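**Student:** need coordinates for the following:
(4 chains)
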Number of protein chains: 2
Amino acid sequence: MDHDVRRQELAAAVGRVIARDGVAEVSIRSVAAESGWSSGALRHYFGTRGELLAFACEQVIDQVTERITAMPVPDGVREGVKAVLLETMPVDERRHAEATIAFSFLALGLGDPALARVHRLQFTKMYELCRQLAAHLTVGDDVETTARRLHALVDGLSVHVLAGHLTSGEMVRQLDDYLGELTA
Amino acid sequence: MDHDVRRQELAAAVGRVIARDGVAEVSIRSVAAESGWSSGALRHYFGTRGELLAFACEQVIDQVTERITAMPVPDGVREGVKAVLLETMPVDERRHAEATIAFSFLALGLGDPALARVHRLQFTKMYELCRQLAAHLTVGDDVETTARRLHALVDGLSVHVLAGHLTSGEMVRQLDDYLGELTA
DNA sequence: ACCTTTGTAACACAGTCGTGCGATAATGAG
DNA sequence: CTCATTATCGCACGACTGTGTTACAAAGGT
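**Tutor:** Alright, predicted model coming up:
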């Protein structure tokens, strides 16, 4: 069997546990049960729990990142940018689950340097994307400032939806409003 | 002995464990060791682990909230608003720790309805504050949109600092820039 | 002096954790 | 066929978890 495929499969099981029961419920055994394999089998693919977590974190993040970078470059500027950014935000059930997972790993990373490293890579990638988008949107303004602000706004809105403080509809409207002011 | 004072003291110990070792290290025993009491003593003040966590979450949040509402109402509009908002953001070691704790509880709340309830209260309070500040800042614009955007920006920037993606200096500059554009 | 209440500690218990180890198939090279 | 390699599993171990119970010390009213 292909080692890497199985590792991805197990990482996906980690994600499902987090999305369903919360990050506090992640353990070797719960992941084994979720994936349908035995805990002993898990140890063949990941030496330790930390290794499993780090891989799962990287995996979920890469999945979103690759989906975004594979998207058509925004041509209809306003709507294109909106679509790209929404790809990382909790707009439907699937992306809500993904955002929940990423967010949970982020909190875990506050006390685990290995996870923190994975996340910083993701943040810089995401910032680069925002920078690229900002260059398309604004003409004379400071691109860096616009990019950082857009990046923070996207993540802030996402967190507010995950926390149940905003509905995803309000979130989309907020993003839309901001992009509208930016292109005006 | 005063029951409530001791409960606050134990809640503070929970916060210290989270800030130092991460949220994954919180247990009855680790909190007991941090506070200097025995685990049996903990059970006199909190029946269960969940009760302790919920109280600690509420406690840390209330501490910040009360500090803010006790601040002088912003008179010098621009700088006053900035000072109030920075009170919730990781600008120094103390507030970095507070933000770390709040953020960790937020992630925990994604899988624990009791903690989620505490947090939603905090979010609506914070939004009300942003709404009040937004009313001072803008003249004709939609106050609600401005408030929600400011709220999301503040939390987004905070998360980026906690994740090590932004320095607190860059965060402050970003907030300053945005408030500048808002008052212009 | 006695007894009740209260704060604190220590321990027992069942459960779960991460991890290591041995057993059992399956697979494929020689 | 043989045998080494690999995949998978189940289990055992020690450590740690949350929780309940019991024991003990201090205090205060009667």
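
**Student:** report whether the worst-scoring helix or strand of chain A on mean pLDDT contacts chain B.
**Tutor:** Lowest by mean pLDDT, DSSP states H and E among the helices and strands of chain A is helix A:77-86, with a mean of 90. No: under the criterion of Cβ under 8 Å from any Cβ of the partner chain, helix A:77-86 makes no contact with chain B; the nearest approach is 12.5 Å. Bear in mind the C-beta positions are built from the backbone N, C-alpha and C, glycine included.

**Student:** over to stretch A:5-21?
**Tutor:** Yes: using Cβ under 8 Å from any Cβ, stretch A:5-21 reaches chain B at A:18, A:21.

**Student:** close to DNA strand D, is that stretch?
**Tutor:** Yes: under the criterion of Cβ under 7 Å from any atom of the strand, DNA strand D is reached by stretch A:5-21 at A:Arg6.

**Student:** if you count neighbours, what's buried in that stretch?
**Tutor:** Of the residues in stretch A:5-21, A:6-8, A:10-15, A:17-19 count as buried by neighbour count, 16 or more other Cβ atoms under 10 Å in any protein chain shown.

**Student:** what's that stretch in contact with?
**Tutor:** A:25-26, A:30-31, A:34-35, A:37, A:42, A:45-46, A:52-53, A:55-56, A:59-60, A:97-98, A:100-101, A:104-105, B:111 (Cβ atoms under 8 Å, 6 or more residues apart in numbering or on different chains).

**Student:** select only the buried ones of the residues you listed in ChimeraX?
**Tutor:** To isolate the buried ones among the contacts of stretch A:5-21 in ChimeraX, judged by 16+ other Cβ under 10 Å, type:
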select /A:26,30,31,34,35,37,42,45,46,52,53,55,56,59,60,97,98,100,101,104,105 /B:111
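
**Student:** just checking, which of the contacts of stretch A:5-21 belong to helices?
**Tutor:** The helices, defined by DSSP state H, take in A:30-31, A:34-35, A:42, A:45, A:52-53, A:55-56, A:59-60, A:97-98, A:100-101, A:104-105 from those.

**Student:** return only those of the residues you listed found close to DNA strand C.
**Tutor:** Within the ones in helices among the contacts of stretch A:5-21, those near DNA strand C by Cβ under 7 Å from any atom of the strand are A:Ser30.

**Student:** buried residues, stretch A:84-98. List them.
**Tutor:** Quick answer for stretch A:84-98 (16+ other Cβ under 10 Å): A:84-86, A:88-91, A:95-98.

**Student:** can you put those in TSV and add distance to DNA strand D?
**Tutor:** Below are the buried residues of stretch A:84-98 laid out as TSV (distance: Cβ to the nearest atom of the strand, whole Å):
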residue	distance to DNA strand D
A:Val84	37
A:Leu85	39
A:Leu86	37
A:Thr88	33
A:Met89	33
A:Pro90	29
A:Val91	35
A:Arg95	30
A:His96	28
A:Ala97	25
A:Glu98	26
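
**Student:** nearest to A:Ser158, of those residues?
**Tutor:** A:Met89 (4.9 Å; Cβ to Cβ).

**Student:** now the nearest residue to that closest one once chain neighbours are set aside: how far from B:Glu144?
**Tutor:** Spatially, and ignoring its direct neighbours in sequence, A:Met89 is nearest to A:Ser158 (4.9 Å; Cβ to Cβ, 6 or more residues apart in numbering or on different chains). According to Cβ to Cβ, to the nearest Å, A:Ser158 and B:Glu144 sit 19 Å apart.

**Student:** compare these two (neighbour count), which wins?
**Tutor:** Comparing A:Ser158 with B:Glu144 by other Cβ atoms under 10 Å in any protein chain shown, the one with more neighbours is A:Ser158, at 29 against 15.

**Student:** assign the more buried one to helix, strand or coil.
**Tutor:** helix (DSSP: H, G, I helix; E, B strand; the rest coil).

**Student:** so where's chain A uncertain?
**Tutor:** A:1, A:73-75 (pLDDT under 70).

**Student:** hmm, 80 instead?
**Tutor:** Counting by pLDDT under 80, chain A shows low-confidence ranges at A:1-2, A:72-77, A:138-141, A:184.

**Student:** which helix in it has the most residues?
**Tutor:** helix A:113-137.

**Student:** can you list the buried residues in that one?
**Tutor:** Applying 16+ other Cβ under 10 Å to helix A:113-137 flags A:115-116, A:118-119, A:122-123, A:126-127, A:129-131, A:133-134, A:136-137 as buried.

**Student:** quick one: is stretch A:34-50 near DNA strand D?
**Tutor:** Yes: residues of stretch A:34-50 contacting DNA strand D under Cβ under 7 Å from any atom of the strand: A:37-41, A:43-44.
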